[in-house]
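3D, please:
(one chain, ligands or ions: 2)
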Amino acid sequence: MKNIYLVKYGEIAIKGKNRYLFEDALLSNIKNSIKRLGKFHIKKEQGRILIEPENDIDSDEVIDKLKKVFGIVAVCPGIKNEEISMDSIKEMALSHMKSICQNNKYTFKVETRRSDKSFPLNSMEISRDIGAYLLKNMDGQLLVDVHNPQIRLNIELRNSVYVYSKVIPGPGGMPVGTNGKAMLLLSGGIDSPVAGWMISKRGVEIGGIYFESPPYTSERAKEKVIDLAKTIASYTGKFKLFIIPFTNIQMEIFEKCPHEQLTIIMRRIMMKISERIAKEENAQALITGESIGQVASQTIQSLAVTNAAVELPVFRPLIGFDKEEIVNISKKINTYEISILPYEDCCTIFVPKHPETKPKLEYILQSEKSLYNMESLIEEAVANKEIIMIE
Ligand code: ATP
Ligand code: MG
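Ligands and ions are numbered 1, 2, ... in the order given. The predicted model follows:
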């Protein structure tokens, strides 16, 4: 008998010919996520992935990691035995039930599936016999309830016998790496980490870009962004973070442009620089944490003017979300506690008192004409970027 994990995946099973690409990506992402926890044998098997630890491992740790791998619908920790006989099934069922039952009473039900049709008993008969065996051998702890049992003991007869009862939900989505690449504009706020998480959940590989404005933004604000990137990387596997010095650009805008337009022009230049980096990184889109109407720079008019700065598609997965909905996701994915740390990000320093809420592109373009130095400032900022690989 061996301890194993059965990994179930949903959406990717319906992908027709691409299915193998998806399965291979999932397999490799699973390998990466648990490689530091021990040695594992991991393989595809009949529409699921089977993980067999080769040494003693901390099962909770393995499950915590797997719960973050996009594409996984459920993880079932259980046991496997190559011998397919009623005796071995009985032994496995009893051993599994003993391992999960404390000193309480439980209602239970046995459910059997078999792809091995040569086995002398059918599924119903196996369930019935194993149920009776457990009732007899668990010291009166168990009671059958076929409708709403506390424990559903699953027995699967395939090339081996598998027994499990826990079905732990995974994050769903698609394996990272199966849907291209995008660059996330990552600030220290609540929204952008959630936006990045949502897009990577759809199988998109992501990297991050953070604009810092020292000395107006502190080293701790940057550390905070790095911590957010690490949390995102705990889902995506790896994460390349670009840190772009933005002070000179902000000063230039501050000096040359009408102050009510500062934010919108700054946002446009962030987008332009991000697009440049995205192209260098072979990324096909940008991601931001914007949602309609949240602040002056996120009115529908402002979003349109920001958007007009770039050619690449800009994904804004939070566009229709209320703050509370975003906060709920950020708590779930563990970015909230980091995001609410008080260190300022660059936007708060140069925020105009009366920001434009309905900017017109033609006036903004007019103002940007006075930024004749901008191209070289952008070159300089990109040349001075810092790159941090987070794994
Ligand atoms: P967040 O909570 O993500 O900071 P926000 O509600 O504070 O968003 P803004 O400050 O208007 O909104 O920023 C909108 C989006 O622009 C952010 O979600 C992020 O994608 C991007 N952004 C803002 N500031 C920065 C920055 N300093 N570096 C990188 N991206 C930024
Ligand atoms: Mg912000």
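
Domains in the chain, by residue range?
2-169, 181-390 (automatic domain parsing).

which of the ones you listed is buried the deepest?
domain 181-390 (a mean of 19; mean count of other Cβ atoms under 10 Å). For the C-beta atoms, the positions are set from N, CA and C on the backbone; glycine is no exception.

Enumerate the residues of this structure near ligand 2.
Proximity of the chain to ligand 2, by Cβ under 5 Å from the ion, involves residues Ser187, Gly189.

Give me the spatial nearest neighbour of Gly10, chain neighbours excluded.
Among residues not flanking Gly10 along the chain, Val73 sits closest, at 4.2 Å (Cβ to Cβ, 6 or more residues apart in numbering).

quick one: secondary structure of the one you found?
strand (DSSP: H, G, I helix; E, B strand; the rest coil).

Go ahead and confirm it touches Lys8.
Yes. Applying Cβ atoms under 8 Å, one finds Val73 in contact with Lys8, separated by 5.0 Å.

which neighbours do the two share?
Residues touching both Val73 and Lys8 (Cβ atoms under 8 Å, 6 or more residues apart in numbering): Gly170.

Tell me which stretches of the stretch 1-150 of the chain form helices.
All helices of the stretch 1-150 of the chain, identified by DSSP state H, counting those that start in this stretch, fall at 19-34, 59-66, 86-100, 123-137.

Between those, which one is closest to ligand 1.
helix 19-34 (24.9 Å; Cβ to the nearest ligand atom).

what mean pLDDT does that closest one have?
Mean per-residue pLDDT for helix 19-34: 93.

hmm, back to that, enumerate every residue touching the residue nearest to Gly10.
Per Cβ under 8 Å, 6+ apart, neighbours of Val73: Lys8, Tyr9, Gly10, Glu11, Pro169, Gly170, Gly172.

Distance check, it against ligand 1.
Distance, Val73 to ligand 1, using Cβ to the nearest ligand atom, to the nearest Å: 29 Å.

go on, Ser213?
8 Å.

That residue contacts Ile244, doesn't it?
No. If you go by Cβ under 8 Å, Ser213 and Ile244 don't touch, sitting 9.9 Å apart.

Nearest spatial neighbour of whichever residue of the stretch 1-150 of the chain sits closest to ligand 2, chain-adjacent residues omitted?
As assessed by Cβ to the ion, ligand 2 sits closest to Lys68 within the stretch 1-150 of the chain, at 24.7 Å. With sequence-adjacent residues excluded and distances taken as Cβ to Cβ, 6+ apart, Lys68 is closest to Tyr235, at 4.8 Å.
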